[in-house]
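Participant: here is my input, please return the structure:
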Amino acid sequence: MASEQIRTRSTHSGQALTYAAIGASQADDLMYYPPKGFRPFEATVRLGSGDDRFESAAEAVLTWGIQRGSGMSVENIELPPSTDSTYVGLIYDASGAPIGPRELDEAHVYTEDGTPHVAPGVTAELIIHVFGVKFVAPVRVVSVTSDEHRVGFAYGTLPGHPETGEESFMVEQHPDGSVWVTIRSFSRPSRWYYKVASPLVRWQQRKATKQYLRALLPARA
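Facilitator: Have a look, this model is predicted:
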């Protein structure tokens with residue numbers, strides 16, 4: 001099996017997200033009115049055009065392809081426990097407003113190597129190396145969009161993540177057939193020492209975003 005592993009015993013499912021504005025990365029006015037104290041960010045790039053391009057990009061997004069393609073490792077992917085209290089996320093309308101809870105899908109989808117597809121409540125650890133230093137960034141998927149021409153998801157930070165906030169990855173096919181990916185986030189340093197190093201953190205965020213966007217370009221897909 002690849003370096004990503006699936007633990008049978010959950011290590012993050014009992015932890016709470018480290019921020020309150022769950023789902024705010026989907027809001028249309030995020031760039032103008034981010035959650036108080038958070039820095040918003042958005043980047044969009046065209047991936048090509050056509051149904052095949054959209055479907056391949058959507059599949060890559062839902063299997064952690066953006067993260068892996070950017071050089072991160074995605075480890076300790078954990079499904080939420082199957083209980084009545086399982087968090088399954090919300091459904092959002094086109095403007096980003098929550099309209100109700102998502103139904104729990106017991107028939108979870110897996111890739112050929114056994115990695116779970118992205119789904120609400122799934123947790124994972126993103127492993128990032130910066131100047132030779134290893135950072136472990138635990139996240140939980142808080143929403144998944146799977147429409148005919150719009151596919152993506154958002155994850156929020158868990159305790160131990162260098163940042164506090166949320167990030168979303170959305171692939172869309174426009175009426176003219178063109179395919180685009182948009183990355184949106186709001187964040188702030190999670191600890192005082194990350195705040196002191198905030199210029200480096202922001203540089204790393206910009207670098208990661210460029211790598212995210214390149215990860216889905218046709219030459220890399």
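
Participant: out of everything not next to it in sequence, what's closest to Ile128?
Facilitator: Distance criterion C-beta to C-beta, 6 or more residues apart in numbering; nearest residue to Ile128, sequence neighbours excluded, is Phe135 at 4.6 Å. Yep, even glycine has a C-beta here, placed from its N, CA and C like the rest.

Participant: what sits against the one you found?
Facilitator: Residues near Phe135 by C-beta atoms under 8 Å, 6 or more residues apart in numbering: 127-129, 162.

Participant: what ranges does this protein have for its strands?
Facilitator: Along the chain, the segments classed as strands by DSSP state E run 39-49, 73-78, 90-92, 98-101, 123-130, 133-146, 150-157, 163-173, 178-189.

Participant: could those strands go into JSON lines alongside mean pLDDT?
Facilitator: As requested, the strands of the chain are arranged in JSON lines below (pLDDT from 0 to 100):
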{"stretch": "strand 39-49", "mean pLDDT": "92"}
{"stretch": "strand 73-78", "mean pLDDT": "90"}
{"stretch": "strand 90-92", "mean pLDDT": "54"}
{"stretch": "strand 98-101", "mean pLDDT": "57"}
{"stretch": "strand 123-130", "mean pLDDT": "88"}
{"stretch": "strand 133-146", "mean pLDDT": "91"}
{"stretch": "strand 150-157", "mean pLDDT": "96"}
{"stretch": "strand 163-173", "mean pLDDT": "95"}
{"stretch": "strand 178-189", "mean pLDDT": "92"}
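
Participant: in CSV: these, plus distance to Gln211.
Facilitator: As requested, the strands of the chain are exported to CSV (distance: least, C-beta to C-beta, whole Å):
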stretch, distance to Gln211
strand 39-49, 11
strand 73-78, 13
strand 90-92, 26
strand 98-101, 30
strand 123-130, 10
strand 133-146, 14
strand 150-157, 17
strand 163-173, 13
strand 178-189, 11
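
Participant: among those strands, which comes closest to Pro218?
Facilitator: For these, proximity to Pro218 was assessed by C-beta to C-beta; strand 39-49 is nearest, at 5.5 Å.

Participant: what residues are up against Thr145?
Facilitator: 92, 151-153, 170.
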